[in-house]
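> after the sequence you'll find the predicted model.
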Amino acid sequence: MGGGDRTYIPVSNGFDLIFLYDPIKDRWDSKITTGNIPPKDVGITTVLGLNGDKIILFGGFNGDNNDLYVLDTTSFEWYVPKVRGKGPVFKRGEHCANVIGKYMVVTFGSNGVVSSKYKDSGESDVLLLDISNDSEYVWTNSFDPTLPATKSASPEQLSSNPKTNISVIVGCVVGVILLIGIISIVAFLFIKRRKNTNKAIPTPGGTDGIPSNAGIPSEQELSSRRRNVI
């Protein structure tokens, strides 16, 4: 969006017709924008808002204002955001802009090809715009980096804590010992049961060495045995 040629003449439709590039499909597309469209300009910068659905435009060489414009990418509509705080006095172009934390950080730039009036006036090379609230941006002179809500310990922090390392090692050793003990008990009980099963093998004879086919002798057999004894 925006831009111009080497003579700093901006393109006529730099902000009402924007181009989109899809790096995955390697394909260009274009969108027509609506709303409060910025005037054609060169030397601008744009950053992506914190929510990922808005593009914030600042600076340039066209005119003497430092108006901010926002493009809502869900509807491709331009609007001028509400801004408070003491902003830059002189226009700034050919600068850099990045998002750091909750701030849009504007650095360096000029008022034209070789002019840098903002430096002569003592204005800072670095400008801070708090963009954490979409309904109102704030120019500020203080940088307050906010920490994440939850901070996980890095590997370096874990390795630098000897108490944590000792607890982890002791826990691992105890767990391994318990696992080996359980496996040993299960193996012992299995082998013992296997041996007891092998001992209980039935013999061809009956109980107490008496053949299984030995019947009760008849009266005649008993008499015959007595005569033989006599």
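Okay, I see it.

> low-confidence ranges, this structure, go.
5-8, 63-66, 111-122, 146-165, 198-230 (pLDDT under 70).

> helices along this protein, start to end?
All helices of the chain, identified by DSSP state H, fall at 117-120, 155-159, 162-199, 219-229.

> what's the burial count for Asp29?
10 (other Cβ atoms under 10 Å). Any C-beta I mention is one placed from the backbone N, CA and C, and that applies to glycine too.

> Met104 too?
Met104 has 24 nearby residues by other Cβ under 10 Å.

> same question, Ala97
Count around Ala97 with other Cβ under 10 Å applied: 20.

> for Val105, which non-adjacent residue is closest in space?
Asn98 (5.3 Å; Cβ to Cβ, 6 or more residues apart in numbering).

> who touches that neighbour in this structure?
Asn98 makes contact with Val47, Met104, Val105, Thr107 under the criterion Cβ atoms under 8 Å, 6 or more residues apart in numbering.

> one more: Gly85?
Here Gly85 is in contact with Asp130, Val138, Trp139, Thr140 (criterion: Cβ under 8 Å, 6+ apart).

> the third one against Pro81, yeah?
No - the criterion here is Cβ atoms under 8 Å, and Trp139 misses it with Pro81 at 11.8 Å.

> tell me what the nearest residue to Thr34 once chain neighbours are set aside is bridged to.
Residue nearest to Thr34 in three dimensions, not counting chain neighbours: Glu77, with 5.1 Å by Cβ to Cβ, 6+ apart. Judged by DSSP bridges, the bridge partners of Glu77 are Thr34, Asp72.

> Glu77: neighbouring residues, count only.
Neighbours around Glu77, by other Cβ under 10 Å: 14.

> Asp53 and Leu68, how far apart?
The gap separating Asp53 from Leu68 is 17 Å, by Cβ to Cβ, to the nearest Å.

> before we move on, the earlier item: which among the contacts of Gly85 gets closest to Val170?
Asp130 (48.7 Å; Cβ to Cβ).
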